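just to be clear, the model below is a prediction. Sequence and coordinates:
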Amino acid sequence: MKKLEEKQLTSQEYYRNSFLKVTEDEVILPNDKQAKRVVVHHPGGVNLIALDEANRLMLVEQYRYPIEKATLETPAGKIEPGEETSVTAKRELEEETGYTCESLKMIGCFATSPGFCNEYIENFLVINPQKLDYEVAGDEDEFINLYHVTKEEALKFVEEGRICDFKTIYAIQYLILHHQW
């Protein structure tokens, strides 16, 4: 078996904002040749799998500019510097859904697009979500509608393309595979 590893030789930063950085890196390949890799550096995120008291999955509808359409997604968000992921998860649940929870269970993580991005998303199962009796202010540039969907509705939305992001499809599969749906 060949050792499949690439070693960075140089890195040139091309873009940076408050949470992303884009670099073009020169690497040495396993065959000792060189290549270039463009990398989007991301702080990581959380994904929330929340079933309400009627066993419906909580989804948020948001307009996604890069794909030019509104999508239905599990609540999620990026990790702030130095923030514990469980804190991120609870904050995002409250901001995006108006619900809180007794506890969260981390059930795994995945790389979102390992061919060009270093982002990992940690997935949390929300235990006993409860509606808040006050409104939590979310991001000022985020406009959200909250949906509560059954398994059948979720599967239909995947087929129709209304649910098209991996983290939400992961959540649906998780619930089905673990006999929670």
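Okay, I see it. Computed from a prediction, not measured in an experiment: that's the story for all the values here.

C-alpha from now on. contacts and neighbour counts both.
Will do.

which stretches in this protein count as strands?
Under the criterion DSSP state E, the chain carries strands at the ranges 7-16, 21-28, 34-41, 45-50, 57-64, 69-73, 76-78, 99-111, 120-131, 145-149.

could you identify which of those is most buried?
strand 45-50 (a mean of 26; mean count of other C-alpha atoms under 10 Å).

give me the mean pLDDT for that strand.
Averaged over strand 45-50, pLDDT sits at 98.

helices or strands up against it?
For strand 45-50, the packing partners by 3 or more C-alpha pairs under 8 Å, 6 or more residues apart in numbering; DSSP states H and E come out as strand 57-64, strand 76-78, helix 85-97, strand 120-131.

go again using 6 Å as the cut-off
strand 76-78, strand 120-131 (3 or more C-alpha pairs under 6 Å, 6 or more residues apart in numbering; DSSP states H and E).

so which of these gets nearest Glu160?
strand 76-78 (21.6 Å; C-alpha to C-alpha).

pairing partners for the closest one, with directions?
strand 45-50 (antiparallel) (DSSP bridges).

list the contacts of the partner strand.
Strand 45-50 is contacted from outside by 57-58, 75-79, 89, 121-126, 171, using C-alpha atoms under 6 Å, 6 or more residues apart in numbering.

just to revisit the earlier point, distance to Glu24 and mean pLDDT added to the helices and strands packed on strand 45-50, as TSV?
TSV is the format used below for the helices and strands packed on strand 45-50 (distance: least, C-alpha to C-alpha, whole Å; pLDDT from 0 to 100):
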stretch	distance to Glu24	mean pLDDT
strand 76-78	23	96
strand 120-131	20	96
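
I am finished for the moment; much appreciated.
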